[in-house]
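Colleague: with the sequence up front, the predicted model follows.
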Amino acid sequence: QVQLVESGGGLVQAGGSLRLACAASGGTFSSAAMGWFRQAPGKEREFVAAVKWSNGFITYAHSVKGRFTISRDYGKNTVYLQMNSLKPEDTAVYYCAAGMYSSTPDDYDYWGQGTQVTVSS
């Protein structure tokens, strides 16, 4: 059973940076990719970024491209999301997920508990 544990959320002013981490354990190699999603109050969960374990292929949502960077540490089974130039509209609960290399939440089988990111204006 894959377990995902996120860390690194918090409160930051607009224009600031945060780095999220997601540590995976238990059966990681059966998952092709790791992704980050976010969900703001009253909104649907939306894709942020994904990275493929085997070759490092990366994809981003248009809204974060150029500001966020996803990376993986294969040896530590950990995925990071470096978030720069944060905006108030980035405020959400951020979730990491393991599954297929996709931007669709339904393609991911395992989810972390989520970490709150709040960006003040």
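Modeller: That came through fine.
Colleague: how close does the residue in the chain sticking out farthest from the centre sit to Gln82?
Modeller: Each residue of the chain has a distance to the centre, and by C-alpha atoms, centre = their mean the biggest one is for Ser121: 22.4 Å. From Ser121 across to Gln82, the span is 21 Å (C-beta to C-beta, to the nearest Å). Backbone N, C-alpha and C define where each C-beta goes, glycine included.
Colleague: ok, now how distant is the residue minimising distance to the centre of the chain from Glu46?
Modeller: Centroid check for the chain by C-alpha atoms, centre = their mean gives Trp36 as the closest residue, at 2.3 Å. Per C-beta to C-beta, Trp36 is found 10 Å from Glu46.
Colleague: without its sequence neighbours, what residue ends up closest to Tyr80?
Modeller: The shortest distance from Tyr80 to any non-neighbouring residue, by C-beta to C-beta, 6 or more residues apart in numbering, is to Ser71 (4.9 Å).
Colleague: you'd agree the one you found is in a strand?
Modeller: Yes - judged by DSSP: H, G, I helix; E, B strand; the rest coil, Ser71 forms part of a strand.
Colleague: thought Thr78 was touching it, still the case?
Modeller: No - taking C-beta atoms under 8 Å as the definition, Ser71 is not a contact partner of Thr78, at 9.2 Å.
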